[in-house]
Structures are given as structure tokens and as C-alpha cells.
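> A predicted structure for the sequence below; I have some questions about it.
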Amino acid sequence: MDRTFSWTSRNRRGGGEPVGPGYFAVQDAPAADPWAERLDELDRYIDDEPKRETKRRRRKLAVRIVAGMLFAFILLVGWLAVTAPLSRSLEPIAPPQLTLLASDGTPIARNGAVVDEPVQVAELPAHVIEPFLAIEDRRFYSHWGIDPRGIARAAWSNFTGGPTQGGSTITQQLAKFTFLTPEQSLMRKGQEALIAFWLEAWLSKDEILERYLSNAYFGDNTYGLRAASLHYFYRQPENLRPEQAAMLAGLLKAPSRLAPTRNFDLAEDRMRVVVGAMADAGYLSAAQARAMPTPRLDVRTRNELPTGTYFADWALPAARELSEGGYAERTITTTLDSRLQGIARDVTARAPLGDAQVALVAMRTNGEVVAMIGGRDYEASPFNRATQARRQPGSTFKLFVYLAALEAGMAPQDLIDNTEIAEGSYRPQNASGNYSDSLTLEQAFARSSNVAAVRLFERVGSEAVIATARDLGVSSPLAEGDPSLALGTSTMTLMELTAAYAGIAANQFPVNPHAFAQGEPGWFDWLWDGKDSLSGRKHEQIQQLLRAAINGGTGRAAMLRGPNFGKTGTSQDNRDALFVGYAGDLVVGVWIGNDDNSPLAGIHGGGLPARIWRDFMRQALGEARAPARPQATPSPDPSGPVQPQDVPQIGDIPLGDDGTRLRVREGGVVISTDVDGVPLDVRLDENGVGLEAGAPPDTVEESAPQ
């Protein structure tokens, strides 16, 4: 029988298993051929070549990426080493100082910080140090300036919707508020990290903690733990009680907002968060945390450098936020206009106020505050009646009532009942005692009819009126369902009221009053800024009412030569007298009243406030006569002495006890007086004698009744 063999790669390797039908590999096949083995290896090598090429490409790419990252890191470190202020990282920290400038560069306030001697960690009790470590940086003594675990924990909490946390260590915070600007960027974070490593390399942990505690901002313009403990509790930090130290540690998150002298409830809530963090960190037991009492403040009188101006006092908290509590001397330009502030100062100083106080706010339609008077004498009373006093706006509030009516579909020529209200529990009256069957909305607004305003309020509903006020930026509480709200019985600040009128002037609201210039909004900002506006028709209608109030109504004493818009206001029993209006790009509110809320003697919204508004506007808009010889104004020196902004330059000369005054103004002499309640100015200058009268007695503003 013939024996058949199959010569395959398998029997080249000596296999003895079947290799196909009818073919068998014998067990006694000859030994493998070395050349066949080499051919097999060559086949496998050729087959694997694409895989090897792919691996080589990947290795090259990985090497290039690593090399690129290493090169970028070297460049970054080199750039940070050049740009970060490492050369002064170990120098003493300079006390912060802010200089505020008017828009023309004139220094208007210079405010230094309250600081004291630095603290020594070795001399502080453990219960003083532990709150700061628990709430700010629990791993402070174990990390090298950057805490990856803390960063990961903060990122996870923020990602999962937990309490917003920051991952910065105490060392990073020291680097940030000591050596860097408030810029928010990756570059600044890189500088912060590099300085943190630098500080860790050259200072001990206790030295870093001492610098941090001795220079951190604790609110109320107070820097450093010693100054803060003396300010809030009148005791040295070495003698602080545990609850006092916990409250101070809580202030570091938002010092201006949490300062217990301003918001004690918020400071106490934050203190409880700190106590909870101390329990979590093992510094306190749960029972000790629950038993921790609330500290009592002990704020003593201290000598501070005052800003010397109402505007600067109002602007300073925002300036501190802009500088982020920085420690270098900073100069910030405000929106205050020195010329307009001088006009405001003069027109309020010469007004025959008697014993009453006065406030004035002037702003652009975009909210830039350009002039502010908070009272008659800053040194005697720094209380700012323009931003802090909450008073009844009187009939100036009728703006919101009539605008709500226009939004509901009514028109200026529609009629409203002006008869005396004889039914119901609330029966307001017109102060003049004049009634009629009906008035158009325009007539009722111009004459400031109380009964018409209340009937209009009841027609549109309190919800619509309040919603209109809220849209225009009024945030003060408003009494829902109370018909007296139509006559301005709910209190608010003059700043808040003036900003609402600015929203009408700009037809873009709400308007946010601010002391520092804001950048022009971009296209996306314009889409998402939350601003609203009236339709062209509604805006023209409300302006028609405001124009009628000046040109033919209670505000005639405020009339200007050009287009002007405004509204008078007098509150219950003549306790407040106001005029708010706008012309050109200026929106101005004027308030007169007594600090004890007692009635004013013969002053109403259509009288002295309207006249102050008119005098300010005429000079501000250039309607007043110019000086015979224009005088050159020297360029201001930002580093020079602070220029007083709330002190009249030339005092008025009183002529008798009836409020008549003689004043020297712009190349002439003006005698201001009242004749039968009508304000009258007699001007004598190179053009001769001129008379300027105010509103006649029959257009007296309707005050809100009890």
C-alpha cells in the first residue's frame, strides 16, 4: 500500500496530528528544517510590521507631548518667576491706604486702615488659633502651600451642589491679598501658587500663620487680629474668649458683609459654621460646640481718619471690594464730578432751610453718581440722609401709580374721578380743598390730586403698582393692599427713589447707582443683563405726565428753558418735602426734612426743593449766566491734599430772620427770599436787575393725609 504524506508547516515542526482529509502526518517525520523556521519568523515579522509602526508613532507622540509639556512648564515657571513679586515676598506688609479721586483727578478722600501690632502664635491660646485653622485650612501644618486634597474637596462640593467652597490654603491667601492684584485669571493663580511655595520654603509655618493673622481684613476698615479684637471686643487677642475668636475667624469669608457692627445676625450665623467646623476637625466635642455662647460686642470710641465727605463714605465699601482688601496704597477714580459737587454744595448751602436738613443726589441716566449732599454739615453729622435715611416719598411715588395705569392700557387723556371720597374707612383729601367731577390723568398728575391717585390705585390694584416699583428698582418694603401707598406712605431712601426716576429717563431699568465707572456692556451682556424698558408709546406718555407737572403743575418752580421732567412730593403733615426730576443726562433728587421727623414750617415739595433742583440744573446744564472772565483751573494733583467737597466755599449772608439771604454768585449778587410762600430770587449783575419767581400758591403740592 502506498503511504501518502502532506508536507505542511505543521509537519515541518514535527506534528503528528491529521492535517486534512486523507492526509496523515507520520510520527517519524524528519527533523524541522532551520530554513523553514527562519521563513516562518520572517512571515511573522512582516505580518507584525504595521503594529510595530503604530507603536513607534505612539512612542514618538508621547515623547513629544511630554517634552512639550516640560518645555511649557519651564517657560511658565520662568515667566512667573519674572512677573511674580517674589523679590518682596518676605518684606513687611505695608498698611493699606485708599485715595479716592473725583472724575477729574481731584483727591476727595484719603482713608487709612486701622492696624495694630502683629501677633505671635506662641503667645496665642490654642482656642484662638484653632477656629482659623478649622474654617480656613485644616491641613495647614501638613501641606506645602498647596493642598490638593482641599482643592478636590472644594471642587466636589461645588460640583455636587453643596456649600460653595474655596480650595486656597492660608499660605495662598497670604500670597493673594499681600502681593497680588485682584485680577481673576489663571496667570494670577499661577503666581499665587509660586509665591505660596516660595513662602513655605523661606518661612516657618508659625511665621506664615503670624503674617496671615496680623494682616487679614476683618471688616470695618480693620486689619489684623489684634486691631480686630480690640475693635469688636476691646481686648487683646491673647485674652480672647473661644466664642469671640470663633466670630472673628468667621469674618474672613466676607469681612465687609459679615462685620458684626453692621450685620450681627449674619456674623453670628457664620460663627456657628466655624464652631461646627471646629467640631468636625476635632478641636471641640459636639457638646462643647452646642454650648458655645454668642459673644457680646464691646466697641469703644476710637480716633479714625474720616473721609470728610458723604460721597466718599458711601463709595468706600465698594472701593474696598475693588481693591480686594489689598495692602498696597491704591488710588481709585470715582464718578464724582467736582464741578457738579460744587454746584450742589452751593445751592443747598444758600437755601433758607431754617433748622431742617437737606439731601441731594445727582446721577447720570446710567447710574453714575456725580454729586451727593447728605446733610448740612458733615462734621456735625456724618449720617448720610441721601443713602441711609428712609423717609416717605410723598407724591413722588405717584409715578409708579400712573405708570401702572398706562401699562394697563389707560392714556393721559383718559378721565379719572376727582370728587371727594365720602365712603370707606380711608378718606384722603386734596390738601388745597379743590375737587371736580373729573380730571384727565395728565391734569391729575400735574396737580397732584390725592383722591384721583387713590382711585387710580384701586383701579389698577396694589400688586400692579408694587410690581411697577419693583421693576424700576425699588427694593424697600411696600405695603400691599394699603391705598395710602398711592400717596407715598412707605419709606425708602432718596438714592433709591432717584434711581427709579433715572430708569424712566434712560428708558432702561432698573438703574444701579454706582460710584465707580463700569465698562461698556458687550453684546451678550446686553442680552442677559436683566434690563427692561417701556414701549416707545408708554415712555412718551409717562414723560408727558412728568413734563406737565413742571410746566403747568405743582413743580413750576423747577421749570427750565429746555425740556424738563419731574414730580413734587410732600409727605404727611409736611414732614418731608421732595422734588425728583431729570433734564439732559442728569437725574436729580432733592429732599428736605427734620431728623426727628417733625413737620416742616412752610416748606413743601413744590417750593424750596423744586427751587434747589432748578438752581442746580441751571448751572449744571449751562443755563446760568457764565462768569465775565473764565478762570483757568489748575490740574489736580492726586497725591496732594484732599479737597473738601461738603463745605460751602462762600458763606451766604443772612438778611433778617425770615430766611432772606444775600449771596455772591458768578459775577453778581443774588438776594433769595420768599414772598407769601412764593420763592423769589433778585439778581443784580452787569446785565441789570432780574427777577425769578417760583410756583404760585394755588399749585401747592398735595401732601399725604394721615
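Everything's here; your move.

> Longest helix in this protein, by number of residues?
Once the chain is assigned using DSSP state H, the helix that runs over the most residues is helix 34-83.

> who does that helix touch, helix- and strand-wise?
Applying 3 or more Cβ pairs under 8 Å, 6 or more residues apart in numbering; DSSP states H and E, we find helix 34-83 packed against helix 9-12, helix 186-202. Where C-beta positions appear, they are placed from N, C-alpha and C, glycine not excepted.

> residue ranges with poor pLDDT in the stretch 601-706 of the chain?
Low-confidence segments of the stretch 601-706 of the chain, defined by pLDDT under 70: 624-635, 639-641, 644, 647-670, 672, 674-680, 685-688, 690-706.

> can you pull out the helices in the stretch 551-700 of the chain?
608-620 (DSSP state H, counting those that start in this stretch).

> quick one: the longest helix of the chain to chain centroid distance?
Distance of helix 34-83 from its chain centroid, counting by Cα atoms, centre = their mean, to the nearest Å, is 55 Å.

> average pLDDT for it?
Per-residue pLDDT over helix 34-83 has a mean of 73.

> Give me the angle between that helix and helix 186-202.
Angle, helix 34-83 to helix 186-202, by axes from the mean of the first three to the mean of the last three Cα atoms, to 10 degrees: 90 degrees.

> re earlier: least confident of the helices and strands packed on helix 34-83, on average?
If you rank the helices and strands packed on helix 34-83 by mean pLDDT, helix 9-12 sits at the bottom with a mean of 41.

> In this structure Tyr426 contacts Pro483, no?
Yes. Tyr426 is within contact range of Pro483, at 5.2 Å (criterion: Cβ atoms under 8 Å).

> Could you tell me which residues touch both of the two?
Here Tyr426 and Pro483 have Val454 as joint contacts, going by Cβ atoms under 8 Å, 6 or more residues apart in numbering.

> So those two - more neighbours on which side?
Pro483 (19 against 12; other Cβ atoms under 10 Å).

> what's the neighbour count on Thr440?
Around Thr440 there are 18 other residues, counting by other Cβ under 10 Å.

> Need the pLDDT of it.
97.

> what's the closest non-adjacent residue to it?
In space, and not counting its chain neighbours, Thr440 is closest to Gln413: 5.2 Å by Cβ to Cβ, 6 or more residues apart in numbering.

> cool, Phe383 as well?
Using Cβ to Cβ, 6+ apart, the closest residue to Phe383 is Gly375 (6.6 Å).

> contacting residues for that neighbour?
Tyr310, Gln357, Val358, Ala359, Ser381, Pro382, Phe383, Asn384, Arg385.

> what about it, helix or strand, and which?
Taking DSSP states H and E as the definition, Gly375 sits outside all helices and strands.

> Quick check: the gap between it and Thr309.
11 Å (Cβ to Cβ, to the nearest Å).

> Ser425 now?
Ser425 is 47 Å from Thr309, by Cβ to Cβ.

> More neighbours: which of the two?
Thr309 (27 against 5).

> Quick check, that one in contact with Pro382.
No. With contact defined as Cβ under 8 Å, Thr309 and Pro382 do not form a contacting pair (9.3 Å).

> sorry, back to before: and the residue nearest to Thr440, how many residues sit next to it?
Residues near Gln413, counting by other Cβ under 10 Å: 11.

> hey, where'd the helices end up in the stretch 401-550 of the chain?
So, for the stretch 401-550 of the chain - with DSSP H, counting those that start in this stretch - the helices run 441-447, 450-460, 462-471, 494-506, 523-528, 536-551.

> What of the stretch 251-400 of the chain?
Counting by DSSP H, counting those that start in this stretch, the helices of the stretch 251-400 of the chain are 255-258, 264-281, 286-291, 310-323, 338-349, 398-407.
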